[in-house]
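>>> build me a model from this:
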Amino acid sequence: MEEQRREQSRRMTIIVSKGALDAAYPPFILATMGAAMGVEVTMFFTFYGLSLLRRRLDAGVSALGNPAFRLPVGGLRFRPINLLSALPGFEGEIGDHMKRMFAKTRVADLGELRALTVEAGAKLIACQMTMDLFELKPTDLIDGVTLGGAASYLEESLHGDINLFV
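Down below sits the predicted model:
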């Protein structure tokens, strides 16, 4: 009986602070998997992570300053050098290439993954301070988002079994 009660009350919180395409996948994947396992999930979107809640999802990828970044091209691992990353349009091409890789391997695109997260019942909190800082309005965000601050996140995390900063 105790095990069943503990199983039903599992909770996870995730702080999402990055809005790049490659950084956006882990929190949404963890949230949907947690929800599928019966975990109550709360995601707190702050700073650049807040862009992932905008109605128009436009996450890109930057190879600039990321020494681990390697892009598979024709069976080779291509490492864009910083100089190339600074060229106009190059980062857009990297993002497009990564999206093609996702499609080829049947990985859900970010919009689909975000929709699955919402459908799974994850609670999405947009940081009010960041909203003010970036001059965003609630109407700029997808439906179902709650506004809150650090106290809102901390209140959720105090009851969390798993608290992640991704």
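
>>> determine the three-state secondary structure at the nearest residue to residue 29 once chain neighbours are set aside.
Among residues not flanking residue 29 along the chain, residue 113 sits closest, at 7.0 Å (CB to CB, 6 or more residues apart in numbering). C-beta: built from backbone N, CA, C; applies to glycine. Following DSSP: H, G, I helix; E, B strand; the rest coil, the label given to residue 113 is helix.

>>> in contact with residue 113, which residues?
By CB atoms under 8 Å, 6 or more residues apart in numbering, the contact set of residue 113 is 25, 28-29, 32.

>>> pull out the buried residues from those.
Buried by 16 or more other CB atoms under 10 Å: 25, 28-29, 32, out of those.

>>> tell me which two of the residues you listed sit farthest apart.
Distances among the buried ones among the contacts of residue 113 were taken as CB to CB; the most separated pair is 25 and 32, at 10.6 Å.

>>> which stretch of helix or strand covers the most centrally placed residue in the chain?
What sits nearest the mean C-alpha location of the chain, by CA atoms, centre = their mean, is residue 24, with 3.2 Å. According to DSSP states H and E, residue 24 maps onto helix 21-36.

>>> pick the one among the contacts of residue 113 closest to residue 98.
residue 25 (10.0 Å).

>>> looks like the closest one contacts residue 108 (just checking).
No: counting by CB atoms under 8 Å, residue 25 stays clear of residue 108, with 9.1 Å between them.

>>> that older thread, wait, the residue nearest to the centre of the chain sits on residue 18?
Yes: between residue 24 and residue 18 there is a contact at 7.2 Å, judged by CB under 8 Å.

>>> any shared contact partners between these two?
What both residue 24 and residue 18 touch, as defined by CB under 8 Å, 6+ apart, is the set residue 49.

>>> which non-adjacent residue is nearest residue 153?
Counting by CB to CB, 6+ apart, the residue nearest residue 153 is residue 44, at 4.1 Å.

>>> please report the distance of residue 96 from residue 52.
18 Å (CB to CB, to the nearest Å).

>>> in contact with residue 48, which residues?
Shown in contact with residue 48 (CB under 8 Å, 6+ apart): 17-20.
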